[in-house]
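Here is the input, now give the coordinates:
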Amino acid sequence: MYKTLLVGYDDSKYSKAALIEAANWVRRHGGKLFLAHAVFFDTEEFSIAPEQQEKRLKIGGKLCQETKEKIVSEFGIEATSLLCEGEPPAVILDVAEGKNADLIVMGTYGRRGLNRLLMGSVTSRVIVNSKVDVLVVKKPCTECTGIYKSILVPFDGSEFSKKALGRACQLSKVDGADITVLYVIPRYEEMIGFFRTESIKQSLFKEAEKIMDEAKKIALSHGVSIAVTIQDGHAGDEIIETANGLKNDLIVMGTYGWKGVNKAIMGSTTERVIMNAKCPVLVVR
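Numbering: from 1, shown residues only. Below is the predicted model of the structure:
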């Protein structure tokens, strides 16, 4: 499982939650913990007030040292803090590659209005560009235990969802988590305007059952049993509603290889789930 965890840290309560989640994981399962704090220098800003550059670096250095000492004293594990210059997403991705991290852990902000449609954040830029899994932590620090007992896996039979299910099975073996696999029957009539008859409904449900059978075979190959559920509607909404209803403490999702515009604006079911889910979301690459 994960052996090298990297946390993007900016001293916000969200990044503190991510750090506590990662530290608890390392304490329970072993591994290395890195935290990266990025200091971004705007050329125009610092040409007007160049003393700010030195001041910001000094503050960042102090933050890194204090946070590292706190992790060591409170969790009894070793941690490495890194002060880096540059834009936070680029810093996090570069450090992840340089340290061979196999998991990036990020906090995220509750967004409203336009920002709920366009995440456009450090987190989204890291997710779409990362070569490794990204765990988005969305809960208070007091609830960050690094333990997962109830996992939801959205599954559509794609290679991406198969990979996510495989990762969920690995996690299940680590902490004994229950896994529920969800398939959402798309509302094609809303997409292409056809009238859904009873025979079409039955056909779609039979196809859903075949996909769920495939999920069961994959889980069985990992030595894990799963529960399955089939819903009808918008995938993002159904994933969130199901996770809330089952009180899942983790959603594990695959990605779809975003390119072009989607690399800047995720604009996907994954983004919708990350913005609205009440529990952490693990995005599997």
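
And the strands in the stretch 51-200 of the chain?
Ranges of strands in the stretch 51-200 of the chain, per DSSP state E, counting those that start in this stretch, are 80-85, 103-107, 133-137, 150-154, 178-185.

Out of those strands, which one sits most buried?
Using mean count of other CB atoms under 10 Å, the stretch among the strands of the stretch 51-200 of the chain with the greatest mean number of neighbours is strand 103-107 (a mean of 28). In short, each C-beta sits where N, CA and C put it, glycine included.

where's it relative to the chain centroid, distance-wise?
7 Å (CA atoms, centre = their mean, to the nearest Å).

Could you do stretch 22-31 as well?
What separates the centre of stretch 22-31 from the centre of its chain is 17 Å, taken as CA atoms, centre = their mean.

next one: stretch 121-137
How far stretch 121-137 lies from its chain's middle: 7 Å, per CA atoms, centre = their mean.

List every C-alpha atom in it, with coordinates, as CSV.
Taking C-alpha atoms only, stretch 121-137 is exported to CSV below (Å, rounded to 0.1, in the frame of the first residue of the first chain):
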residue,chain,number,x,y,z
SER,A,121,-7.9,25.5,-7.3
VAL,A,122,-4.6,24.1,-6.2
THR,A,123,-6.4,20.8,-5.5
SER,A,124,-8.0,20.5,-8.9
ARG,A,125,-4.7,21.3,-10.7
VAL,A,126,-2.9,18.7,-8.7
ILE,A,127,-5.5,16.1,-9.4
VAL,A,128,-5.6,16.5,-13.1
ASN,A,129,-1.8,16.5,-13.5
SER,A,130,-0.7,14.0,-10.8
LYS,A,131,0.8,10.8,-11.8
VAL,A,132,-0.1,9.2,-8.5
ASP,A,133,-3.2,8.8,-6.4
VAL,A,134,-4.6,12.0,-4.7
LEU,A,135,-6.5,11.9,-1.4
VAL,A,136,-8.8,14.9,-0.9
VAL,A,137,-9.6,15.3,2.8
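
any idea which helix or strand carries residue 26?
Following DSSP states H and E, one finds residue 26 within helix 13-29.

Now do the helix or strand following that helix: everything it contacts.
Counting by DSSP H and E, the next helix or strand C-terminal to helix 13-29 is strand 32-39. Contacts with strand 32-39, where a contact means CB atoms under 8 Å, 6 or more residues apart in numbering, come from 3-11, 19, 22-23, 26, 56-57, 60, 63-64, 67-68, 71, 77-88, 91-92, 95, 99, 101.
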